[in-house]
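**Student:** everything below, folded, please.
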Amino acid sequence: MAAALSLSLSLSKHSLPAFHSTHKLYHNFSPRCNLFSLNRHLNRHHALRRRARFSAVAAPLTETPPPTAPPATVVLPTNQSSERLLRIRHTCAHVMAMAVQKIYPEAKVTIGPWIDNGFYYDFDVDPLTDQDLKKIKKEMDRIIGRNLPLIREEVSRDEAERRIMAINEPYKIEILQSIKEEPITIYHIGDEWWDLCAGPHVESTGNINRKAVELESVAGAYWRGDTNKPMLQRIYGTAWEDEEQLKAYLHFKEEAKRRDHRRIGQDLDLFSIQDEAGGGLVFWHPKGAIMRQIIEDAWKKIHIQRGYDFLYTPHVAKADLWRISGHLEFYKENMFDQMEIEEELYQLRPMNCPYHILVYKHQLHSYRDFPIRVAELGTVYRYELSGSLHGLFRVRGFTQDDAHIFCLEDQIKDEIRGVLDLTEEILLQFGFDKYEVNLSTRPEKSVGGDEIWDKATAALKDALNDKGWSYEIDDGGGAFYGPKIDLKIEDALGRKWQCSTIQVDFNLPERFDMIYVDSDQERKRPIMIHRAVLGSLERFFGVLIEHYAGDFPLWLSPIQARLLPITDSQVEYCKGVCERWKGEGIRAEVCNGGRISKLIRTSEKQKIPLMAVVGPKEVESETVTVRSRFGGELGSMAVDDFVTRIKHAIQNRTFF
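**Tutor:** Residues are numbered from 1 along each chain as shown. Okay, the predicted model is just below:
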C-alpha cells in the first residue's frame, strides 16, 4: 500500500505580512487553511481490492475505517512558531525583487510580504511566464550564494524621498507617503539593492538554504487591490528552513490538488459554475442536489429537536430596510446595485438578519416568550470581484444556515451552550471532530454599555468552559455590536476552515427598536444572538468534497449502490431490483452497456460505495454479488438481505 508522507503544519489563523507600504506588521486573515497534517494513506483502494473473496455471511456490511497514517516524520514550522523561518521568508521576498530587477532593469517594485507558506512580491513589469520564473530563481540562487549582508539603515523622510526619486521608483513614493512613523527604515542587500522596510531579516543571504526555496506561480494583481489602478505581476514563492520541509510541503500541495473540489465536482458531476449565467453563481446538479438535501434534512432535524422554528423570507426588500440595519452604510461595497420597482428602490439581500427581526416585530412579545429561536436556510447575494471568486469557497450567491436567538440577558449563557452542543452534534455527523475556537472581545469602537458587554463576554466564556472546549482570546477582535465565538473545523489534511460563528448583538435591537414587556410591564430590549453552524451550504459542501476527496461515506453518497449486469440478459432483473431498493429508500441505479470489468472500473472511478454484479446465476437465485469500494469482494447475498444490511449501515452511518 502506498502511504502518503505525513506532516503537520500548525499555521495560526493569521499570516503576518510586513507590508512595506505601511512600515508595520499587519494581520492578514487566511480563510483557506492554517494547520496541515497529511493523515491518510494514498491509493488504499488498490490494495483493498486485492483482498480475497469471502462470503456475505462472514462479512456483514459494515465499513472499516480507512487505515491511519504512519507517525508524522516532518513537522513543519510556521511563521508564528519559528522566528527564523519568518526572517527567511521575508528576506526571500527581497532577494527575489533584487533578482527581478537584475534581469529586468525596467521593472518597478511595490510590496513584498511574507505569507503563510512563503512570500510574494508585486512588480510593474511586462507579463511573466514560467520560463521567466526559472531565470529569476537562478539569479536568486546566485545572490544567496554570494552571502550578502542584510543591513538596516535609518534615514529621514526627506532623505528617503530623495533616494527613491534618484532610482525612479514611483510606487515607493506612494508607499513612503503612507508611512506615518519616524524615522524611515531601509534594508540593504549588500551595497547593491535596498527597499523601504521594517524588517525583520536574516543576517545575510547565506542564511537561506537555496534548495529549500521555490518559486511557485505568477499572477496578476491590481496595485492596492484597486481595479482602477495598474495591473501588476505578483510572483509567489515558498521558503522553508531545509529541503525536507520543502519536500513535505510540496507533497502536501499535491495531495491538496488531488482533493480540489472544483475538479472532483466536475468529475463526479456534482455542481457547476457557468459563464453564461455569470461568475460565482452555483448550479447544483442532480447528484450534488441530493447531497444538499441530505445535509439540509440532517440540519433541520436537529434544529426541530432543539426548539427552533423555521422561516422562509424574501430574497429582496426595499432598500430602506438596509439603511435601518446599517448595511448601506457599512457593507455597501459587498452589495449588488439597487433596482428600481414602481419608483421605489429594492435591494438583493446580503444578510438574513433584518428579515428575522421583522418577523419578531410582527407582534409584541412578553418576557415569558423567551428564548425565541428562529432558523432559515436563506440564500443571500454579495458582490465579489471576479478575481476573488474561487469554486464553492467564494461565490456571489450562497445559502447560509442562519439562525437568530432572541433572549433575556440572564439566558445568554444557556443559549450559547445550547448552540455549542448543536454545533458539535451537526459537525460530528459529517466527520468533523477537531476544532479551533476563538473568543473575540470588545473592540475600541463599540455600541452598548460596559455592563452588558461584560455580562455577554462572561456568558460566552462560561459556556465554553462548561463545554470543556479550549479556546484562544482574540482581545479586541469582536464586532462593534458584541462579542463572538468563531469555530474552525479541521479537515483530513489538517487544514482549518472557518464555519461556525456565534455573535451577540446589541446594535440591531436598538436600530430596529425591538422591544418586549418584562414582568413589571416595562418595555425593554431583548438580546439578539446571530449564529451559523455550517456557514454556507456551498462552502461547506466544498469542504466536504475535499475532506473526503469525493469518497463520501455511504449515508452521504449520492449513489449508494449500482447494479452491474454482466450481459443484457440481466438488465430487466437489475431494473426490478433497483426499483425495489429505491422503494426502501436506497439510492440505487443500473449501469450497463459494456464489459463488466469496465463497468466496475467506471463505478470505482465515480466513487460508488457498493456495486452489485449480476449474472445468470444471480438471476436464477435472486441474489446479487456485492463489491465494496472500501472492502473489496463481499460475496453473494439475497436481495432482501442486502437491503437489511445496507439500511442498517446507513442508519448507523457506518462504512462498508
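
**Student:** and the host helix or strand of residue 617, what does it pack onto?
**Tutor:** Assessed by DSSP states H and E, residue 617 sits inside helix 616-621. If contacts are counted by 3 or more Cβ pairs under 8 Å, 6 or more residues apart in numbering; DSSP states H and E, helix 616-621 sits against strand 623-628. (Each C-beta comes from the backbone N, C-alpha and C, glycine too.)

**Student:** go with 10 Å
**Tutor:** For helix 616-621, the helices and strands in contact under the criterion 3 or more Cβ pairs under 10 Å, 6 or more residues apart in numbering; DSSP states H and E are strand 561-565, helix 571-583, strand 623-628, strand 632-638.

**Student:** would you mind measuring from residue 460 to residue 400?
**Tutor:** 21 Å (Cβ to Cβ, to the nearest Å).

**Student:** between these two, tell me which one has more neighbours.
**Tutor:** residue 460 (26 against 19; other Cβ atoms under 10 Å).

**Student:** correct me, but residue 78 touches residue 116?
**Tutor:** Yes - the criterion here is Cβ atoms under 10 Å, and residue 78 meets it with residue 116 at 7.7 Å.

**Student:** more neighbours: those two, which one.
**Tutor:** With neighbours defined as other Cβ under 10 Å, residue 78 and residue 116 compare such that residue 116 has more, 22 against 19.

**Student:** can you pull the pLDDT of that one?
**Tutor:** Note for residue 116: predicted pLDDT of 89.

**Student:** returning to that earlier point: residue 529: which of the helices and strands packed on helix 616-621 is closest?
**Tutor:** Nearest of the helices and strands packed on helix 616-621 to residue 529, taken as Cβ to Cβ: helix 571-583 at 41.7 Å.

**Student:** residues touching the next helix or strand after the closest one, excluding its own?
**Tutor:** On the C-terminal side of helix 571-583, the nearest following helix or strand under DSSP H and E is strand 588-590. Contact partners of strand 588-590, identified using Cβ atoms under 10 Å, 6 or more residues apart in numbering, comprise 558-565, 570-582, 608, 610, 612, 614, 646.

**Student:** if any of those residues are buried, put those into a ChimeraX selection.
**Tutor:** Restricted to buried positions by 16 or more other Cβ atoms under 10 Å, the ChimeraX selection for the contacts of strand 588-590 reads:
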select :558,559,560,561,562,563,564,565,570,573,574,577,578,581,608,610,612,614,646
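
**Student:** put the alpha carbons of stretch 424-432 into PDB.
**Tutor:** Extracted C-alpha coordinates of stretch 424-432, given in PDB (Å, rounded to 0.1, in the frame of the first residue of the first chain):
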ATOM      1  CA  GLU A 424     -20.900  19.800  17.800                       C
ATOM      2  CA  GLU A 425     -23.800  17.400  17.000                       C
ATOM      3  CA  ILE A 426     -24.100  18.600  13.500                       C
ATOM      4  CA  LEU A 427     -20.400  18.700  12.700                       C
ATOM      5  CA  LEU A 428     -19.800  15.200  14.100                       C
ATOM      6  CA  GLN A 429     -22.400  13.800  11.700                       C
ATOM      7  CA  PHE A 430     -20.200  14.900   8.800                       C
ATOM      8  CA  GLY A 431     -16.900  13.600  10.300                       C
ATOM      9  CA  PHE A 432     -15.500  16.800  11.900                       C
END
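
**Student:** where exactly do the helices run in the stretch 351-500 of the chain?
**Tutor:** 353-361, 412-429, 450-467 (DSSP state H, counting those that start in this stretch).

**Student:** I'd say residue 130 and residue 217 touch.
**Tutor:** Yes - with contact defined as Cβ under 10 Å, residue 130 reaches residue 217; the gap is 8.3 Å.

**Student:** check contacts around residue 431.
**Tutor:** Here residue 431 is in contact with 489, 491, 492, 544, 547, 548, 552, 553, 556, 653 (criterion: Cβ under 10 Å, 6+ apart).

**Student:** which of those residues fall within strands?
**Tutor:** When the contacts of residue 431 are checked against strands (DSSP state E), the matches are residue 489.

**Student:** dump the helices and strands packed on helix 616-621 to CSV, plus mean pLDDT and distance to residue 415.
**Tutor:** Listed next are the helices and strands packed on helix 616-621 as CSV, based on pLDDT from 0 to 100; distance: least, Cβ to Cβ, whole Å:
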stretch, mean pLDDT, distance to residue 415
strand 561-565, 97, 42
helix 571-583, 96, 41
strand 623-628, 95, 43
strand 632-638, 92, 47
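
**Student:** which among those is found nearest to residue 395?
**Tutor:** With Cβ to Cβ, the closest approach to residue 395 among the helices and strands packed on helix 616-621 belongs to strand 561-565: 31.0 Å.

**Student:** same for that closest one, what does it pack against?
**Tutor:** If you count contacts as 3+ Cβ pairs under 10 Å, 6+ apart, strand 561-565 packs onto helix 571-583, strand 588-590, helix 596-605, strand 610-614, helix 616-621, strand 623-628, helix 639-651.

**Student:** hmm, try it at 8 Å
**Tutor:** helix 571-583, strand 588-590, helix 596-605, strand 610-614.

**Student:** got the angle for the first one vs strand 623-628?
**Tutor:** Taking axes from the mean of the first three to the mean of the last three Cα atoms, to 10 degrees, one finds that helix 571-583 is oriented at 70 degrees with respect to strand 623-628.

**Student:** quick one: residue 255 is in a strand?
**Tutor:** No - secondary structure assignment places residue 255 outside any strand; it is helix (DSSP: H, G, I helix; E, B strand; the rest coil).

**Student:** looking at it, it is touching residue 493, isn't it?
**Tutor:** Yes - counting by Cβ atoms under 8 Å, residue 255 touches residue 493, with 6.4 Å between them.

**Student:** more neighbours: which of these two?
**Tutor:** A count of neighbours by other Cβ under 10 Å puts residue 493 above the other of residue 255 and residue 493, at 23 against 18.

**Student:** I figured that one hits residue 256, correct?
**Tutor:** Yes - counting by Cβ under 8 Å, residue 256 is a contact partner of residue 493 at 6.2 Å.
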